[in-house]
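Q: please work out how this folds:
(chains A and B)
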Number of protein chains: 2
Amino acid sequence: MKKYKVAILGATGAVGREMMKVLAERDFPVEELHLLASERSAGQKLQWKGQDLTVEPACDEAFRGMDIVLGAAENDIAKKFAPAIVKAGAVFVDNSSAFRMDPDVPLVIPEINPEDAKKHKGIIANPNCTTIVSLVAINALNQDSPIESIVASSYQATSGAGAGGPIELMNEVEALREGKSYEPKVFQYQIAYNVIPQIGGEAFEGYTSEEMKMQNEGRKIMHLPELKVSCTCVRVPVVRSHSVSIVVRTKEKISVERARELIAAAPGCRLVDDLKNKQYPMPLDTSDQDTVFVGRIRDDLTSDNGLNIWCCGDQVRKGAATNAVQIAQLLIE
Amino acid sequence: MKKYKVAILGATGAVGREMMKVLAERDFPVEELHLLASERSAGQKLQWKGQDLTVEPACDEAFRGMDIVLGAAENDIAKKFAPAIVKAGAVFVDNSSAFRMDPDVPLVIPEINPEDAKKHKGIIANPNCTTIVSLVAINALNQDSPIESIVASSYQATSGAGAGGPIELMNEVEALREGKSYEPKVFQYQIAYNVIPQIGGEAFEGYTSEEMKMQNEGRKIMHLPELKVSCTCVRVPVVRSHSVSIVVRTKEKISVERARELIAAAPGCRLVDDLKNKQYPMPLDTSDQDTVFVGRIRDDLTSDNGLNIWCCGDQVRKGAATNAVQIAQLLIE
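A: The predicted model follows:
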């Protein structure tokens, strides 16, 4: 079996570390794993499959000989190193938003548009976490009738802001308990016992960048150029796993029963939908898992062709690291 | 100035205690205040305006001579005592859901339909807390064009479950901190660091009782019998104040600018809407206040006549106690 030289760019962050974990869990055929990060983190040792790996400084030369580079860094870092990665002949599977809307870069959720991955020119983008969770939940409906619009309100975990998010939440809980003050650094305001209706800066007529991603990325991933999405993204004091309340409207009506069938059979989904027995997706239940849980499926009472749906998925895993490793798996199939 | 004999039924609960506070703050012309509760709570002393009041057992005789009874008890208690209250000639302003949909009982938000209060036959119902917060936020739009539909996702504080809700949240935080287990009693599951997409039991085709209230009560309060509402009610680990993400569609298009004007001028509302400067409603900012904060106003991207709106309001105050006292104020005007 062929083995591959893999690098993780931004290996010391929350998503980078999860990528290491997912590569090991899925037994990805790794010949060499290189952990790349900033000069500041270089030299650090991280355990992987029983070995001690030393974090190397990210630089153009570090990508020579690599087959696959998994990107877990911010946009500026992704942009800085993309040319060197492509030049080195590696495929860059990038989790940042830098290349997602580039027409030359496929944007891939393996459960939805795996065929797009084959069309890459050196870079494949990993979609936004809330977009991944939501689209994995509802994409199967497209089999019966194309999705025309989505109204979504998210309940996003602190992990979406990186490793510092949950730490800030816990520090605030502790400070409040002791009657001390704590100055938020990661979030705009105190997130403990609060919800904050802003993720990202203003991007389009009152919508934040995070809120526009589901429409822009959704159109590209599902090949629905006319898709309309009204999204409200909200940070909640949850450690991990995003939840999304969705009203999805399709061209033709899909019944609740049929939607349940489609979603139960959809890859990457688990139907958890039994209100009478208090069974529905919750962030606590989906954390540390790759599956998106979907439930509370019922008719939209405001339109003839709509369904109301609730879904949860681990933002660090399926929303980021797992999706990237799944794309890498497509590449070597 | 005429003074009134007032009783609070269920005075020892979270809403009952808040009613006492609001009566004092608003200098309601009280001749006598009677605190009524179950036999178990009778005898307890509660401070009000510098006096020690003794909690009396609720019984039919306790309502004799009363002018106004504020109900802060559960449905069964409200139903049990309503006949005696009406017979005693008092007006029963009831916060339970027992009489809300009774055609003989006005359902009143004083900022919206104060004239309905005058039509009472002894009972006036106080609407559901999430309904009050949402309708106060959006009702002004009806001035320009009638509201046709609402898609709402709520972020409801633990205080909505009574005084025991926030206590359970804090007990769970403490137990988790100490690595101990804690058996949820108030909520279906752990609410600390979680969100629970169920408030109330199943009521209508997959919707919970809480989710149907905004449609049923909204139709009655705004006199919009055709109003359609798709609601998802979610409990979040917040102490007090509910938040709601709303897409509201009107018959004719209302511009974002005009919506801001209408909402800024609407009674009971404060416009907090400046995303660039990180100004938007948050539960931490609205707690212990009577005003509903409204912001994040922007065009709905999925329809021609829609607006996307975010609002927050204190569920114990404007969502319950304050609204009831405001109704009592209407009665004595």
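Q: all helices for the stretch 101-250 of chain A, in order.
A: A:114-117, A:129-138, A:164-177, A:209-221 (DSSP state H, counting those that start in this stretch).
Q: most tightly packed of those helices?
A: Highest mean neighbour count of these: helix A:129-138, a mean of 28 (counted as mean count of other C-beta atoms under 10 Å in any protein chain shown). Quick note: C-beta positions are derived from backbone N, CA and C, even for glycine.
Q: now do it: which elements does it pack against?
A: Here helix A:129-138 touches strand A:147-155, helix A:209-221, strand A:242-250, strand A:292-299, strand A:306-313, going by 3 or more C-beta pairs under 8 Å, 6 or more residues apart in numbering or on different chains; DSSP states H and E.
Q: what's the spacing between the first one and its chain's center?
A: In other words, strand A:147-155. 16 Å (C-alpha atoms, centre = their mean, to the nearest Å).
Q: how about the third one?
A: Its chain's C-alpha centre and that of strand A:242-250 lie 16 Å apart, by C-alpha atoms, centre = their mean.
Q: tell me what angle that strand forms with strand B:242-250.
A: Strand A:242-250 and strand B:242-250 are oriented at 20 degrees to each other (axes from the mean of the first three to the mean of the last three C-alpha atoms, to 10 degrees).
Q: show me the strands paired with strand A:242-250, marking each as parallel or antiparallel.
A: For strand A:242-250, sheet partners with direction are given as strand A:147-155 (antiparallel), strand A:306-313 (antiparallel), following DSSP bridges.
Q: out of those, which is the most enclosed?
A: strand A:306-313 (a mean of 28).
Q: after that strand, next one along is what?
A: Tracing the chain past strand A:306-313, the next element assigned as helix or strand by DSSP states H and E is helix A:322-332.
Q: what residues of that following helix count as buried?
A: Within helix A:322-332, the residues that count as buried by 16 or more other C-beta atoms under 10 Å in any protein chain shown are A:322-330.
Q: quick one: residues contacting A:Asp159.
A: Check again: residue A:159 is Ser, not Asp. A:14, A:165-166, A:239-241, A:315-316 (C-beta atoms under 8 Å, 6 or more residues apart in numbering or on different chains).
Q: let's see that with 7 Å instead.
A: By C-beta atoms under 7 Å, 6 or more residues apart in numbering or on different chains, the residues touching A:Ser159 are A:14, A:165-166, A:239-240, A:315-316.
Q: A:Pro283 now?
A: So A:Pro283 contacts A:157, A:238, A:240-241, A:243, A:312, B:194-195 (C-beta under 7 Å, 6+ apart).
Q: and which of those residues is nearest B:Ala84?
A: Proximity of the contacts of A:Pro283 to B:Ala84, judged by C-beta to C-beta, is greatest for B:Val195, which lies at 41.0 Å.
Q: give me the neighbour count for the closest one.
A: Counted with other C-beta atoms under 10 Å in any protein chain shown, residues neighbouring B:Val195 total 27.
Q: I'd guessed A:Lys79 sits against A:Ser97; true?
A: No - using C-beta atoms under 7 Å, A:Lys79 is not in contact with A:Ser97, being 10.6 Å away.
Q: more neighbours: which of the two?
A: The residue with more neighbours, out of A:Lys79 and A:Ser97, is A:Ser97; 21 against 14, by other C-beta under 10 Å.
Q: next up, the contacts around A:Ile132.
A: A:Ile132 neighbours (C-beta under 7 Å, 6+ apart): A:109, A:318-319, A:323.
Q: do that again at 8 Å, thanks
A: A:109, A:126, A:313, A:318-320, A:323.
Q: likewise A:Ile150?
A: Contacts of A:Ile150 by C-beta under 8 Å, 6+ apart are A:134, A:138, A:214-215, A:218, A:227-231, A:246-249, B:302.
Q: min pLDDT across the contacts of A:Pro283, which one?
A: Lowest pLDDT among the contacts of A:Pro283: A:Arg240, with 94.
Q: measure that one to chain B for me?
A: Distance from A:Arg240 to chain B, counting by C-beta to the nearest C-beta, to the nearest Å: 9 Å.
Q: any figure for the gap between that residue and A:Gly71?
A: Distance of A:Arg240 to A:Gly71, computed by C-beta to C-beta, to the nearest Å: 21 Å.
Q: so which of the helices of the stretch 101-250 of chain A comes closest to B:Ile8?
A: So among those, helix A:164-177 is nearest, using C-beta to C-beta, at 31.3 Å.
Q: what's the closest one in contact with?
A: Against helix A:164-177 from outside (C-beta under 8 Å, 6+ apart): A:157-159, A:161, A:181-182, A:184-187, A:190-193, A:237, A:239-240, B:173, B:177, B:193.
Q: narrow those residues to those that are buried.
A: By 16+ other C-beta under 10 Å, those give A:157-159, A:161, A:186-187, A:190-193, A:237, A:239-240, B:173, B:193 as buried.
Q: which two of those residues have the greatest separation?
A: A:Ala161 and B:Val173 (20.3 Å).
Q: so what's the residue lying closest to A:Tyr207 once chain neighbours are set aside up against?
A: Among residues not flanking A:Tyr207 along the chain, B:Arg298 sits closest, at 6.0 Å (C-beta to C-beta, 6 or more residues apart in numbering or on different chains). Taking C-beta under 8 Å, 6+ apart as the criterion, B:Arg298 is in contact with A:205-207, B:256, B:307-308.
Q: so which of those comes closest to B:Leu23?
A: B:Leu307 (36.1 Å).
Q: which strand residues bridge the closest one?
A: Here B:Leu307, judged by DSSP bridges, has bridge partners B:Val248, B:Asp299.
Q: report the contact partners of it.
A: So B:Leu307 contacts B:141, B:247-250, B:254, B:256, B:259, B:297-300 (C-beta under 8 Å, 6+ apart).
Q: for ChimeraX, what selects the buried ones among those residues?
A: Per 16+ other C-beta under 10 Å, the buried members of the contacts of B:Leu307 correspond to this ChimeraX selection:
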select /B:141,247,248,249,250,254,256,259,297,298,299,300
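Q: can you add distance to A:Glu32 and pLDDT and give the contacts of B:Leu307 back as CSV?
A: CSV is the format used below for these (distance: C-beta to C-beta, whole Å; pLDDT from 0 to 100):
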residue, distance to A:Glu32, pLDDT
B:Leu141, 61, 98
B:Val247, 50, 98
B:Val248, 56, 98
B:Arg249, 56, 98
B:Thr250, 61, 98
B:Ile254, 60, 98
B:Val256, 54, 98
B:Ala259, 58, 98
B:Ile297, 53, 98
B:Arg298, 49, 98
B:Asp299, 51, 98
B:Asp300, 51, 98
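Q: out of the contacts of B:Leu307, which comes closest to chain A?
A: Comparing the contacts of B:Leu307 against chain A with C-beta to the nearest C-beta picks out B:Arg298 as the nearest, at 3.1 Å.
Q: now do the same for the residue lying farthest from the centre of chain A: its pLDDT.
A: Distance from the C-alpha centroid of chain A, by C-alpha atoms, centre = their mean, peaks at A:Gly179 (35.7 Å). In this model, A:Gly179 is scored at 96, pLDDT.
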